[in-house]
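A.B. asks: Quick one: sequence and predicted model below, then my questions.
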Amino acid sequence: MKRLYFLFIAIVLGCVLVCANDAKLYRIDIHQDISSTTWRYLQAGMDEARQSDADGVIIHLNTYGGTVVHADSMRTLLLNSNIPTYAYIENNAASAGALIAIACDSIYMQHGARIGAATVVNETGEAMPDKYQSYMRATMRATAEAQGRDTTITAAGDTIVSWHRDPLIAEAMVDQRIVVPQLSDSGQVLTFTANEALENNYCEAVVNNLEEVITEQLGIEQYTITQYNPSLYDKIAGFLTNPALQALMVTLIIGGIFFELKTPGIGLPSAVALIATVLYFVPLFIGGTAESWEVLAFVVGIILLIIELFVIPGFGAAGISGIIFILGALILAALNNIVFDFTFVTGDDVSRSILTVLAGLVLAVVILIYISHRIGSRGMLYRFALHAEQKNDQGYVGVDTALSTLVGSQGTTLTRMAPSGKVEVNGEVYDAVSLHGRFIEAHTTVMIHQHNNNQLYVSPIDNTTQQ
C-alpha cells in the first residue's frame, strides 16, 4: 500500500503541479563506497529536502557497495521518509547499493545498469560466515517486504499474494543457496541487468537519463531540481564519525589520560588525549547527537579520576565513578537521545555505540599492558612530559653511573609517587619510580632497591611518615 500511495502522489504531482507551481525535487548523489561519509551525506541531504518542502528526492546511485552498518542506517532513513524517494541507478547498485535502492519507493535504471550481488564480504573480498549472511538476507527480505504486496482472492476462493518486490529475489541477491524458480537455480548470487530487473519488478522502467525519469516516468513537466552539495564539514564529519576511527579516538583518550596521570608534568599524553577528545565530541556535537551535558559528564569523570589518584589514597568510589562517567559520556554522545529520552534511538544505534567504545577501551588496555610490560622489563620509562629546566642552584644534580652506588641506601620521598616522583638521598634530589607501581605518599622513608637506565627504583620501608 505504501508503494501505491507514493505512486499516487507522483501522478498527482504530474497532473496538478504542471498547471500550478513547479515541482520541487531534490537530488542526492551516492557515487562512492557506502560508508560513514555517504551516510552523513544522505542525512544532511534529506534534512535539506524536508526543510525546503521538496516534493520528491532522487537518490542518484552508482556504487559497488560498502559497509553494512551504514547501508542499514541509510535504508532505514529512506523507508521512514515522508517524502517520496526515487532511486536512479546510473550504472551500479551492487551489494549495499542494492539495499539502498530497494528501500526507495521507486527504482529507475539506466540502460546497462546492474543491481544485486549483496553477499557480505570481508576486506579481502571473501564471503563472511553464515551468521552475517543470515542478517543480510533478513535485512534485504524485510526491505523488499516493506514495499508492500497485493492480495487477490480468486473466484474459487484462493488467495494470491503478489509482492511489489519479491522478498525471495532479494534474498537470492545475498545467498547463492537461495533458489528462485525459473530465475536463479545455478548456485550463483543473483544480479539483475536493467531489463531483467524490469521483468522481475525490481525497477519501474529502463531509461536513458534522469530527465526521462522525471518527465516521462513521473509525469512532471515543470520542475526545479536542487543538487545536494556536501559541505567541507559534512566530508570531515563523515570521516570522523566512522566507527573504526571513533574507536581509535577512544583508545587515544584512555591511553592519554592514563599516561598523563602516571607521569609528572603536563605534556604529550595530555595533548593526545585532548585532541582525540575534540575529534570525538565535536562532530557529534555539531551533528546534534552529543549535547553539552554529555561533554560535562566526561569532564566530571576526568576530575573524579584526578581526585582519586592525587587526593584519595588507593582506588575506590571516586575512581570507579570517574570511569563510569567517562565511558557513559562517550557512549551517550553517539546516541540521538535527549537527556535519557531514547524515543528516536534504535537498538542498532545503542549496540553500535557500545561496541565502538568497548573496542576502543579493549585496544587501549592491550596497548597499556604491552607498554607497561616494556617499561617494567627494560626500563623504558614513558617520558613525554614537559618539565621546567632543572638547574643546579635549585637543588637538581646530574645523574651518572654513580647512581648505582645508592642501591641499598635509604631516602625520603619529597613528592607523592604515583608511581614516579622525587626522593632525597644524602641531601641530594633524584627522580625515582615505585618498584611495584604502588603509590607512596610524600615524606615516606624508602629503600633504593635497584638502578636501571639512570633510574632509581624504591619501595617504602615501613608505614612511618617522617615529620
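C.D. replies: Happy to help now that I have it.
A.B. asks: for residue 91, phi and psi?
C.D. replies: The phi/psi pair for residue 91 (degrees, to the nearest 10) reads phi -140, psi -50.
A.B. asks: Let me fix that, I meant to ask about residue 189.
C.D. replies: Dihedral angles for residue 189 - degrees, to the nearest 10 - are phi -60, psi 140.
A.B. asks: Pull the contacting residues for it.
C.D. replies: 116-119, 172-176 (Cβ atoms under 8 Å, 6 or more residues apart in numbering). Using the backbone N, CA and C atoms, a C-beta is placed for each residue, glycine as well.
A.B. asks: Narrow these to those in helices?
C.D. replies: Residues of the contacts of residue 189 located in helices (DSSP state H): residue 172.
A.B. asks: Count the neighbours of residue 194 for me.
C.D. replies: Look at residue 194: counted by other Cβ atoms under 10 Å, it has 22 neighbours.
A.B. asks: Under the pLDDT cut-off, which ranges of the stretch 351-467 of the chain? List them.
C.D. replies: 372-402, 437, 453-454, 462-467 (pLDDT under 70).
A.B. asks: what does the stretch 101-250 of the chain give?
C.D. replies: 123-124, 154, 157, 185-186, 233-235, 237-238.
A.B. asks: What ranges does it have for its helices?
C.D. replies: If DSSP state H, counting those that start in this stretch is used as the criterion, the helices of the stretch 101-250 of the chain fall at 130-145, 167-172, 194-199, 210-212, 232-240, 243-262.
A.B. asks: Deepest-packed of these, please.
C.D. replies: helix 167-172 (a mean of 23; mean count of other Cβ atoms under 10 Å).
A.B. asks: quick one on the thing from earlier: which one of the contacts of residue 189 sits closest to residue 417?
C.D. replies: residue 119 (57.2 Å; Cβ to Cβ).
A.B. asks: Residue 177 is in contact with the closest one, correct?
C.D. replies: No - using Cβ atoms under 8 Å, residue 119 is not in contact with residue 177; the gap is 10.9 Å.
A.B. asks: ok so, going back, list just the nearest of the contacts of residue 189 to residue 77.
C.D. replies: For these, the nearest to residue 77 is residue 118 (18.3 Å; Cβ to Cβ).
A.B. asks: any chance of the helices of the stretch 101-250 of the chain in a markdown table, with distance to residue 27 too?
C.D. replies: Shown next, in a markdown table, are these (distance: least, Cβ to Cβ, whole Å):
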| stretch | distance to residue 27 |
| --- | --- |
| helix 130-145 | 22 |
| helix 167-172 | 26 |
| helix 194-199 | 20 |
| helix 210-212 | 8 |
| helix 232-240 | 16 |
| helix 243-262 | 28 |
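A.B. asks: quick one on the thing from earlier: inside strands: which ones of the contacts of residue 189?
C.D. replies: Judged by DSSP state E, the subset of the contacts of residue 189 located in strands is residue 116.
A.B. asks: Pull the number of nearby residues for the residue nearest to residue 308 when sequence neighbours are not counted.
C.D. replies: Leaving aside its sequence neighbours, residue 308 sits nearest to residue 319 (Cβ to Cβ, 6 or more residues apart in numbering; 3.7 Å). A count of nearby residues for residue 319, using other Cβ under 10 Å, gives 17.
A.B. asks: Next, work out how far apart residue 319 and residue 169 are.
C.D. replies: Between residue 319 and residue 169 the computed distance is 56 Å (Cβ to Cβ, to the nearest Å).
A.B. asks: coming back round to it: does the residue nearest to residue 308 touch residue 305 like I think?
C.D. replies: Yes - judged on Cβ under 8 Å, residue 319 makes contact with residue 305 at a distance of 6.1 Å.
A.B. asks: Residue 119 and residue 177: which has the busier surroundings?
C.D. replies: residue 119 (20 against 12).
A.B. asks: What does that one show for phi and psi?
C.D. replies: According to degrees, to the nearest 10, residue 119 has phi -70, psi 140.
A.B. asks: check contacts around it.
C.D. replies: With the criterion set at Cβ under 8 Å, 6+ apart, residue 119 makes contact with 95, 127, 133, 136, 174-176, 189.
A.B. asks: Ok, residue 104 next?
C.D. replies: 59, 78, 85-87.
A.B. asks: Please parse the protein into its domains.
C.D. replies: 2-231, 241-378, 392-465 (automatic domain parsing).
A.B. asks: Off-centre distance for the second one?
C.D. replies: So that's domain 241-378. Domain 241-378 sits 14 Å away from the centroid of its parent chain (Cα atoms, centre = their mean, to the nearest Å).
A.B. asks: got it, and the last one?
C.D. replies: Using Cα atoms, centre = their mean, we find the averaged C-alpha position of domain 392-465 to lie 45 Å away from the chain's own average C-alpha position.
A.B. asks: same check, this time on the first one
C.D. replies: Average the C-alpha atoms of domain 2-231, do the same for its chain, and the two points are 25 Å apart (Cα atoms, centre = their mean).
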